[in-house]
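Sequence and predicted structure below; questions after.
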Amino acid sequence: MELRLQHLSRRYGTKSAVDDVSVNFVPGVYGLLGANGAGKTTLMRMISGILDASSGEIRLNGRTIQELGEKYYAHLGYIPQNFGFYPEFTAREFMLYMAAVKGLGRRRAKSRTETLLSMVNLQDAADKKIKSYSGGMKQRLGIAQAELNNPSILILDEPTAGLDPKERVRFRNLISDFAKEKIVILSTHIVSDVSYIADTILMMKNGRFLLNEPISTVTDDIRGKVWEVVVPEQKAAEYSARFSVVNLHHENNMVRLRMINEDVPAAGAVMVEPGVEDLFLYYFGEEAQEER
């Protein structure tokens, strides 16, 4: 299974939302990171066949999605950023309806519905109306419907936005369970969502990829450049102005600063192991800080 994007672009007038993107996807979990407006959703919508590319092409196992036609969509499971539910439907009714839309036969539709509602822990709420569901329950129902046709490509656009930490962990675990032998593309600006489950990190800014790296080596470029130092509160603002501060924490009238710098930024600074969030803030700076 290989999904290949070749020189893919999407333009709106003179602005490029996605600009000459090329990447090969094979089975695994890909974390697509970027600040809001980076082009992530546009890219996801093109992969899902909702938007046409202005130029370039998408190929699945060597054939363009235009050649494949409806056969391409049989491979897809998709949760858009703002997934639309029918609030008066129960979860079971909604799943059976979506199964019909996806072309599943009645017997398979019933079987998959019961299996998936159980897998996402909604079996006890299956006959409650969706309008009574919490945000986390709706997201779990969203991934259940995306899995109805057992897709080989699962596309998730900001699936944990608005969820509390407990629901986010539960949702990440679900994705890991469903990800076996699939191409899973998870778009988010919540770094922890992909730090735990992604095999590969893609970072996108201004419609282009900044990097495409395995999770095991993605922070190598900033290794040896991440420091922590504890300073008096009155020094914190001065250091923030002089250095790239990615985090600060107040501790007993002192401030612990986490900084990215080529050399030791201050007396007493200690080199620490870099994380994906450090890398994200290094690339996106103020954009990312404003969204946190």
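Okay, I see it.

Show me what counts as buried in stretch 139-154.
Within stretch 139-154, the residues scored as buried using 16 or more other CB atoms under 10 Å are 139-149, 151-154. All C-beta spots, glycine's among them, are computed from the backbone N, C-alpha and C.

What about those, which are in helices?
Members of the buried residues of stretch 139-154 lying in helices (criterion: DSSP state H): 139, 140, 141, 142, 143, 144, 145, 146.

Now tabulate those residues in TSV and tack on pLDDT and distance to residue 27.
Converted to TSV, those look like this (pLDDT from 0 to 100; distance: CB to CB, whole Å):
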residue	pLDDT	distance to residue 27
139	84	23
140	87	23
141	91	25
142	89	22
143	86	18
144	89	21
145	91	22
146	89	17
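
now these in JSON lines, with distance to residue 70?
What follows is these, written out as JSON lines (distance: CB to CB, whole Å):
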{"residue": "139", "distance to residue 70": "27"}
{"residue": "140", "distance to residue 70": "28"}
{"residue": "141", "distance to residue 70": "25"}
{"residue": "142", "distance to residue 70": "23"}
{"residue": "143", "distance to residue 70": "23"}
{"residue": "144", "distance to residue 70": "23"}
{"residue": "145", "distance to residue 70": "19"}
{"residue": "146", "distance to residue 70": "18"}
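
just curious, which of those is nearest to residue 253?
residue 139 (41.0 Å; CB to CB).

so that closest one touches residue 171, yeah?
Yes - under the criterion of CB atoms under 8 Å, residue 139 makes contact with residue 171 at 5.8 Å.

Overlap in contacts, these two.
Common neighbours of residue 139 and residue 171, counting by CB atoms under 8 Å, 6 or more residues apart in numbering, are 159, 160, 163.

For the first one, which three-state class applies?
Reducing the assignment to helix, strand or coil with DSSP: H, G, I helix; E, B strand; the rest coil, the entry for residue 159 is coil.

which residues does it contact?
79, 139, 142, 143, 171, 175, 186, 188.

what does the second one give?
For residue 160, the residues meeting the contact criterion (CB under 8 Å, 6+ apart) are 139, 167, 168, 171, 172, 188, 190, 193.

can you pull the buried residues of stretch 22-32?
23, 25, 27, 28, 29, 30, 31, 32.

meant to ask about stretch 66-80
Buried residues in stretch 66-80 (16+ other CB under 10 Å): 68, 72, 73, 75, 76, 77, 78, 79, 80.

could you show me where the helices are in the protein, in order?
40-47, 65-68, 70-73, 91-101, 106-119, 135-146, 165-178, 191-195, 233-242, 276-291.

can those go into JSON lines with extra columns for distance to residue 209?
Putting these into JSON lines (distance: least, CB to CB, whole Å) gives the following:
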{"stretch": "helix 40-47", "distance to residue 209": "10"}
{"stretch": "helix 65-68", "distance to residue 209": "20"}
{"stretch": "helix 70-73", "distance to residue 209": "23"}
{"stretch": "helix 91-101", "distance to residue 209": "32"}
{"stretch": "helix 106-119", "distance to residue 209": "33"}
{"stretch": "helix 135-146", "distance to residue 209": "25"}
{"stretch": "helix 165-178", "distance to residue 209": "22"}
{"stretch": "helix 191-195", "distance to residue 209": "15"}
{"stretch": "helix 233-242", "distance to residue 209": "29"}
{"stretch": "helix 276-291", "distance to residue 209": "11"}
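
Could you point out which of those sits nearest residue 219?
helix 276-291 (5.4 Å).

Thanks a lot, catch you later.
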